[in-house]
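Take a look and give me a structure for this.
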Amino acid sequence: MGFGRILIQSSCFILVTLFISSPTLAYEEFVAEGGNILRGEVALEYGYIDNFLFEDIQSKETTYLTLKPSVFVQTQFDRSLLQLSFNTSHYKYQQFSTDDHSNYTFTPKYHYKFDDNKSLYFSGSISEQYELRGTGLSKGQAHTLTFGDEKQSQTAKVGYLYGSKESVAKLNIESGLNASRYNTRREQTRILDNTEYFINSNFDYLLSGNSYLSADFQFKQSDFTHNEQLDKFTIIALLGMKWRSSQITQFQALLGYQEAEFDEGTLAKTSTFNWRLDMNWQPTDYTQLQLYSGRDIETPNQLAVSYRVVDKHNLLVRSKMTDFFAVSADIGMKQEDIIFAHHQDSEDYFYSTVTANYQRNEWLSFLIRYTYKQLDTNVIGVSSDRHGISVAFSVSM
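Okay, here's the model as predicted:
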C-alpha cells in the first residue's frame, strides 16, 4: 500500500468520522433557498428512436414511453439545512421489451453554517442506472446480450468552506469516496468493481475588483477489488484566474498538470496537460450561454481497458422568447483516448439536444425535444448515429 493511498484513506476516515460524531455540520458552496420546502414533479414522455442498439449498419427503430416522478424535501433548523431528493425513471420500449428498465437516484445533503464565513457540509448519493445495449460495456456488441447492464454507484463526501462571496480569500476542502460496481454478468464485470478515495481543495484570492487568483488541487486513490493492476494514484494541480464581474458574466480559466501512477507497476506512469474553462454569460433576463471545456484521466468503462484520457467540450444556450415559451440548445463533443495494456483506441463523440418548452402555468408544462448522438472510432463496427424525437408534459406540485 503506497503512501498516497494511506494519506487519502486516512484523511477520508478522519473527516467522515468528524461528520458522524459532530452535531453541528455541513454547508455546501452554493446559494440554497431557505425555509421548509416540499416539491414533487411527474413527467410523462413519448418518443421515437431510429437506432436503438447504436449499430453501424442495419439500425433498428422503436418507440418508447417514459415516466419520471421526483420529490424534493428541505427542512431548515436555524443554522442547519437538511435536503433530500429522490428521482426515478421508468422506460418501456415498444419493439425491445427486454430492455424495459427503471433508474433511481437518492441524494441526501446536510449543511451547517457556523457563522458568515465558516461552514461545513455533507452530501451523498445512491443510484442504480441501466446501460442500454450498444453502450458502455456492450458498445459495438449489442447483439451479444439480451438485455443491458445495470450499474450501482455510491458517493459520500464531507467538506469545509472558509469565506463568503465578499471575502478576500476563500478556501474549500472536501474528502470522500465514490464506489461503483455492475450488478449484471458478474463473472465478467467484477473486475471493474472499484472505490475511489479523494481529497479536493480550492483556494481563491482577490487580486482586484472581481478578479481572483485560483488554485485547485485534487488527489485520488482508485482501488479495484478484483483487478489490482488498475489501482492508481492520481494528482491534478491547476492554477488560473476567475472573473466575476457581475451577475451577467462569470468566467474561470485554470491550466495545469495531471499525473496517474499505477500501484502494481505493470502499467506505465502517465501524465498530461490539464485544463478547465467555464463561462456563464447572461446578457439579458431572457438569454443565457454556458460554455465548458476540460480534460481528465478517467476510470475504464469497458472490459480490458486500463484507463481513458477524456476531453469534454459543451455549449448550452437558453432563450426565453416570452414569459411562457423558451427554447434551448445543448451541443457537446467528447474525445477519448482509450488505453489498453498493449494498444490504444480513439473515440470521438458528438451530441446535441434541442428543446422547446411551453409553460402553461406554474404547475403544468409541455415540451418537444430532438436529440442526436454520433460516435466515430477507429474500431470497425462500433461507429454509430442515432436520432430521436419526443414530446412530454410535466406536472409540478
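
Cross-check the contact I'm expecting between residue 159 and residue 198.
No. Using Cβ atoms under 8 Å, residue 159 is not in contact with residue 198, being 11.0 Å away. Backbone N, C-alpha and C define where each C-beta goes, glycine included.

Quick check on these two: which one has the bigger neighbour count.
Using other Cβ atoms under 10 Å as the criterion, residue 159 and residue 198 rank with residue 159 on top: 23 against 19.

Write down the beta-bridge partners of that one, one by one.
Applying DSSP bridges to residue 159 gives these bridge partners: residue 121, residue 174.

Pull the contacting residues for it.
15, 28, 120, 121, 122, 172, 173, 174, 175, 176, 200 (Cβ atoms under 8 Å, 6 or more residues apart in numbering).

Kindly report the same for residue 75.
Counting by Cβ under 8 Å, 6+ apart, the residues that residue 75 touches are 36, 81, 82.

ranking those by neighbours, who comes first?
Ranked by neighbour count (other Cβ under 10 Å), these have residue 81 at the top, with 22 neighbours.

how close does the residue nearest to that one when sequence neighbours are not counted get to residue 313?
In this structure, residue 81 finds its nearest non-sequential neighbour in residue 111, 4.2 Å apart by Cβ to Cβ, 6 or more residues apart in numbering. Going from residue 111 to residue 313 by Cβ to Cβ, to the nearest Å gives 32 Å.

neighbour-wise, which of those two wins?
residue 111 (22 against 14).

what ranges do the strands span in the stretch 151-300 of the chain?
For the stretch 151-300 of the chain, strands defined by DSSP state E, counting those that start in this stretch occupy the ranges 169-182, 194-208, 211-224, 232-243, 249-262, 270-284, 287-298.

To residue 47, which of those lies closest?
Counting by Cβ to Cβ, residue 47 lies closest to strand 287-298 out of the strands of the stretch 151-300 of the chain; the figure is 25.1 Å.

Residues contacting stretch 231-238, please?
Outside stretch 231-238, the residues within contact range by Cβ under 8 Å, 6+ apart are 2, 4-5, 214-224, 254-264, 267, 274-276, 296-297, 307.

Just the buried ones out of those, please.
4-5, 214-224, 254, 256, 258-263, 267, 274, 276, 296-297, 307 (16 or more other Cβ atoms under 10 Å).

Helix or strand: which one has residue 387?
Element membership of residue 387, judged by DSSP states H and E, is strand 384-396.

which strands and helices sit next to that strand?
For strand 384-396, the elements it packs on are strand 37-49, strand 364-377, judged by 3 or more Cβ pairs under 8 Å, 6 or more residues apart in numbering; DSSP states H and E.

buried set for that strand?
For strand 384-396, a neighbour-count test (16+ other Cβ under 10 Å) marks 384, 385, 386, 388, 390, 392, 394 as buried.

and of the helices and strands packed on strand 384-396, who's closest to residue 209?
Here strand 37-49 is closest among those (Cβ to Cβ), at 35.6 Å.

What residues sit buried inside that closest one?
41, 43, 45, 47, 49.

again, but for stretch 348-357
For stretch 348-357, a neighbour-count test (16+ other Cβ under 10 Å) marks 349, 351, 353, 354, 355, 357 as buried.

what's the strand or helix carrying the first one packed up against?
The reference is to residue 349. Assessed by DSSP H and E, residue 349 sits inside strand 344-359. Applying 3+ Cβ pairs under 8 Å, 6+ apart, one finds that strand 344-359 contacts strand 325-340, strand 364-377.

wait, isn't residue 128 in contact with residue 150?
Yes. The criterion here is Cβ under 8 Å, and residue 128 meets it with residue 150 at 6.3 Å.

What count of nearby residues applies to the closest residue to residue 164 other than its chain neighbours?
Nearest residue to residue 164, sequence neighbours excluded (Cβ to Cβ, 6+ apart): residue 117, at 4.8 Å. Residue 117 has 15 neighbours, counted by other Cβ under 10 Å.

Kindly report the same for residue 289.
For residue 289, the neighbour count with other Cβ under 10 Å is 15.

Which residues are in contact with it?
279, 280, 281, 282, 315, 316, 317, 318.

Distance check, it against residue 212.
21 Å.

Residue 239 too?
Following Cβ to Cβ, the distance that separates residue 239 from residue 212 is 12 Å.

For residue 108, report the pLDDT, please.
Among the per-residue scores, residue 108 holds a pLDDT of 97.
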